[in-house]
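Enquirer: here is my input; please provide its structure:
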Amino acid sequence: MAGRRGNGEGSIYQRADGTWRAQALLNGKRHGVSAKTRREAQTKLRQLLGEAERGILPPAEKITLNDHIERWLETVVRHSVRPRTLKSYRDLTRLYILPTLGARKLVQLQPADVQRLYSVLLDRGLAPKTVRNVHAALRRSLKQAVDWNLTPRNVATLVEAPRIKREEVVALTAQQAQVLLTIARGGRWEALITIALTTGMRIGEVLGLRWGDVDLAIGSLRVQRQIGQDGVFSEPKTAKGRRTIDLPASSVVTLKEHRRQQTEARLLAGPAWHHDDLLFCTHAGKPLSQRNVLRAFKTLLTQGDLPDVPFHALRHTHATLLLSQGIHPKVVQERLGHATIAMTLDIYSAYVPSMGRDAADKLDALLA
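Expert: Model prediction:
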């Protein structure tokens with residue numbers, strides 16, 4: 001839908017995605033601005049024309065993708081995401097985007113350039129998931145370029161990212177889970193394995209627990225933080241990640257015994273104890289290393305002659321056991337901290353028992 005050309009305002013038109021684009025020819029070069037509404041586009045274009053009259057022309061045609069991404073990372077991303085996420089963006093752009101496209105002018109970047117980049121990365125053996133992460137980083141950076149009026153469109157939105165084949169859920173059976181708990185019983189890792197298995201928490205969430213997050217009287221705990229592989233604590237990524245999980249009675253008993261043992265360890269350590277209130281910690285009260293926990297977990301699997309599964313399989317086991325017992329997927333979603341029930345169903349659909357026959361029988365009874 002094209003708008004009228006106003007007096008001295010260049011041209012304004014609406015794009016297919018509903019946003020508005022205003023353009024003007026300045027000193028033989030076409031410059032444009034983007035906005036969500038026509039009025040906002042008019043305002044931005046008037047500002048552009050005003051700057052042109054004062055001799056201030058946008059240098060957009062000179063900016064390379066490398067220049068833009070460096071500025072975007074430093075002025076936007078660095079102040080809006082966690083350090084680990086910032087490092088991820090830096091690595092994705094430095095390793096995969098800039099070596100191929102960094103020298104290209106922003107305004108000259110074409111969808112075909114981006115699609116070719118993804119093809120090259122896949123041919124090099126890069127995993128489709130990694131290429132999708134590259135796509136997400138590039139798309140976000142170019143969205144900022146459009147918002148800053150450095151380029152007329154986000155070419156990454158016009159490119160297909162590779163599809164990811166969902167990996168099969170790796171989980172223990174109920175019998176295998178019982179064996180694991182039996183092997184761990186009475187040892188140092190009993191409480192940690194029990195909580196991971198009976199809550200479905202991620203390893204970082206488990207290691208981030210503090211005693212202040214646990215209410216043994218009512219049998220529940222709150223997930224309020226996580227710890228990364230770098231040992232840095234952070235809040236859950238989403239609002240759903242902050243959640244309260246009810247504990248089975250057996251888990252409460254295990255935690256009470258774990259607290260008693262930890263109290264003895266704290267008294268034995270004396271002044272050397274680090275008072276961080278951590279549920280699971282070293283013999284000196286310091287945060288546990290994920291690497292050490294994973295090593296201990298593998299040892300327990302070997303002792304129980306169990307499949308060599310990743311620690312994350314305990315989270316999958318929690319979900320699949322609940323679903324197989326007819327627990328509503330919404331409850332499982334809340335316990336896992338998934339953003340939506342659709343995510344839960346997408347991952348565990350094969351473990352949700354069919355309720356079709358029960359529904360048909362109940363309908364038959366109502367209408368009989």
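
Enquirer: pick out the residue nearest the middle of the protein.
Expert: By CA atoms, centre = their mean, the chain has its centre lying nearest to Lys237, at 6.6 Å.

Enquirer: how far away is it from Thr340?
Expert: Lys237 is 14 Å from Thr340, where distance means CB to CB, to the nearest Å. The way it works is simple: take the backbone N, C-alpha and C, and place the C-beta from them, glycine included.

Enquirer: shared neighbours of the two, anything?
Expert: Common neighbours of Lys237 and Thr340, counting by CB atoms under 8 Å, 6 or more residues apart in numbering, are absent.

Enquirer: buried residues in whichever helix or strand Thr254 is part of?
Expert: Element membership for Thr254 (DSSP states H and E) is helix 249-269. Within helix 249-269, the residues that qualify as buried are 251-252, 254-255, 258, 262, 266, counting by 16 or more other CB atoms under 10 Å.

Enquirer: buried stuff in the helix or strand just after it?
Expert: The helix or strand immediately downstream of helix 249-269 is helix 290-303, counting by DSSP H and E. Under the neighbour-count criterion of 16+ other CB under 10 Å, helix 290-303 has 290, 293, 296-297, 300-301 buried.

Enquirer: got it, and stretch 301-320?
Expert: So, applying 16+ other CB under 10 Å, buried residues of stretch 301-320: 301, 304, 306, 309, 311, 313-320.

Enquirer: now stretch 352-366
Expert: For stretch 352-366, by 16+ other CB under 10 Å, it's Val352.

Enquirer: from Lys286, how far out is Trp273?
Expert: In terms of CB to CB, Trp273 sits 9 Å off from Lys286.

Enquirer: the more surrounded of those two?
Expert: Trp273 (18 against 13; other CB atoms under 10 Å).

Enquirer: thought that one was touching Gly285?
Expert: Yes: assessed by CB atoms under 8 Å, Trp273 is found in contact with Gly285 at 4.5 Å.

Enquirer: now for those two: what residues contact both?
Expert: The contact lists of Trp273 and Gly285 share Arg266, where a contact means CB under 8 Å, 6+ apart.

Enquirer: mind exporting the C-alpha coordinates of the lowest-mean-pLDDT helix or strand in the chain to PDB?
Expert: Lowest by mean pLDDT, DSSP states H and E among the helices and strands of the chain is strand 29-35, with a mean of 72. Provided in PDB are the C-alpha atoms of strand 29-35 (Å, rounded to 0.1, in the frame of the first residue of the first chain):
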ATOM      1  CA  LYS A  29      21.600   9.100  -3.100                       C
ATOM      2  CA  ARG A  30      18.500   7.500  -1.700                       C
ATOM      3  CA  HIS A  31      18.100   7.400   2.000                       C
ATOM      4  CA  GLY A  32      15.300   5.800   4.000                       C
ATOM      5  CA  VAL A  33      13.800   5.400   7.400                       C
ATOM      6  CA  SER A  34      11.600   2.600   8.800                       C
ATOM      7  CA  ALA A  35       8.800   2.900  11.400                       C
END
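
Enquirer: that strand: partners in the sheet, and parallel or antiparallel?
Expert: Paired neighbours of strand 29-35 in the sheet (DSSP bridges): strand 20-26 (antiparallel).

Enquirer: okay, buried residues for the partner strand please.
Expert: Buried, per 16+ other CB under 10 Å, within strand 20-26: 20-24, 26.

Enquirer: distance from the chain centre to that strand, please.
Expert: 37 Å (CA atoms, centre = their mean, to the nearest Å).

Enquirer: what of stretch 130-140?
Expert: That offset, for stretch 130-140, works out to 13 Å (CA atoms, centre = their mean).

Enquirer: same deal with stretch 307-327?
Expert: On the basis of CA atoms, centre = their mean, stretch 307-327 sits 20 Å off its chain's mean C-alpha point.

Enquirer: state the mean pLDDT of it.
Expert: Averaging pLDDT along stretch 307-327 yields 95.

Enquirer: mind checking the end-to-end distance for that stretch?
Expert: For stretch 307-327, the separation between the terminal residues is 26 Å (CA to CA, to the nearest Å).

Enquirer: which residues touch that stretch?
Expert: 169-172, 174, 176-177, 193, 196-203, 293-294, 297-298, 301, 329, 331-332, 335-336, 344, 347-348, 351-353.

Enquirer: of those, grab the buried ones for PyMOL.
Expert: With 16+ other CB under 10 Å as the criterion, this PyMOL line picks the buried residues out of the contacts of stretch 307-327:
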select buried, resi 169+171+172+176+177+193+196+197+198+199+200+201+202+203+293+297+301+329+332+335+336+344+347+348+351+352
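
Enquirer: tell me the pLDDT at Gln224?
Expert: The model's pLDDT for Gln224 equals 95.

Enquirer: quick one: it and Val214 touch, right?
Expert: No: Gln224 is beyond contact range of Val214, at 11.1 Å (criterion: CB under 8 Å).

Enquirer: low-confidence stretches in the stretch 101-250 of the chain?
Expert: For the stretch 101-250 of the chain, the stretches with pLDDT under 70 are 167.

Enquirer: could you measure Gln224 against Ala161, distance?
Expert: In this view, Gln224 and Ala161 are 33 Å apart by CB to CB.
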